[in-house]
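Visitor: Sequence isn't available, so here's the structure alone:
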């Protein structure tokens with residue numbers, strides 16, 4: 001019995017020191033930035049990857065434009081691109097690619113303050129290395145240029161090159177993503 005109480009005491013004393021030092025939610029000084037105004041230069045840690053073209057930041061937005069997502073971690077819908085939806089070919093590949101590039105990293109969001117109907121901020125994700133996640137997805141054939149909502153020539157050209165080089169989803173014949 002004495003052995004168990006000694007082990008319990010060691011773990012009990014050791015756990016707060018280890019957990020608290022990692023700057024995690026268990027740390028009493030840990031705070032997620034909260035704002036009702038979006039900074040022009042939005043910098044935050046990526047804490048979630050919903051799918052290839054939607055990420056979640058460690059930043060609580062309480063502005064009215066967030067709609068039902070008010071007060072929840074800010075979601076970013078990648079501008080100019082559309083990744084395959086759940087159940088489609090390359091859905092998991094696109095999501096994994098986005099995760100490898102930005103999960104648990106601090107990114108910058110280039111945005112114009114526009115939100116979609118789901119309360120997601122529309123923007124481009126600038127990775128720590130300076131590359132833009134949105135463009136990297138298209139370059140690698142893991143997203144299409146979302147022509148329905150974007151007339152950006154650069155994204156259109158990136159898709160053309162990826163198709164010609166048969167990258168990612170373009171390596172398969174007869175790929176269908178739906179409307180782009």
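Guide: Alright, I've got the coordinates. Because the structure is a prediction, the values reported are computed rather than measured.
Visitor: what helix or strand does the most centrally placed residue in the chain sit in?
Guide: Among the residues of the chain, the one closest to the centroid is residue 55, at 2.3 Å (CA atoms, centre = their mean). Per DSSP states H and E, residue 55 falls inside strand 54-61.
Visitor: Would you agree residue 114 falls within a helix?
Guide: No - assessed with DSSP: H, G, I helix; E, B strand; the rest coil, residue 114 is strand; it does not lie in a helix.
Visitor: for this protein, what helix or strand is lowest in average pLDDT?
Guide: Taking mean pLDDT, DSSP states H and E as the measure, the chain has helix 2-21 as its least confident helix or strand, at a mean of 42.
Visitor: Heading C-terminal from it, find the next helix or strand.
Guide: Helix 2-21 is succeeded, C-terminally, by strand 34-35 (DSSP H and E).
Visitor: Show me what that next one is packed against.
Guide: Contacts defined by 3 or more CB pairs under 8 Å, 6 or more residues apart in numbering; DSSP states H and E place strand 34-35 against strand 54-61. Just so you know, the C-beta spots here come from the backbone N, C-alpha and C atoms, and that holds for glycine as well.
Visitor: What about residue 62, how many residues nearby?
Guide: By other CB atoms under 10 Å, 14 other residues sit near residue 62.
Visitor: how close does it sit to residue 129?
Guide: 31 Å (CB to CB, to the nearest Å).
Visitor: cool, residue 173 as well?
Guide: Relative to residue 129, residue 173 is positioned 33 Å away (criterion: CB to CB).
Visitor: now residue 88
Guide: To residue 129, residue 88 is 28 Å away according to CB to CB.
Visitor: Of those two, which one has the most company?
Guide: Each of residue 88 and residue 129 has its neighbours counted (other CB under 10 Å); residue 88 has more, 15 against 8.
Visitor: sec struct for that one, please.
Guide: Recorded secondary structure, residue 88: coil (three-state DSSP).
Visitor: Same question for residue 109.
Guide: Taking three-state DSSP as the rule, one finds residue 109 in the strand state.
Visitor: Could you verify my assumption that it touches residue 126?
Guide: Yes - taking contacts as CB atoms under 8 Å, residue 109 lies within contact range of residue 126: 7.3 Å.
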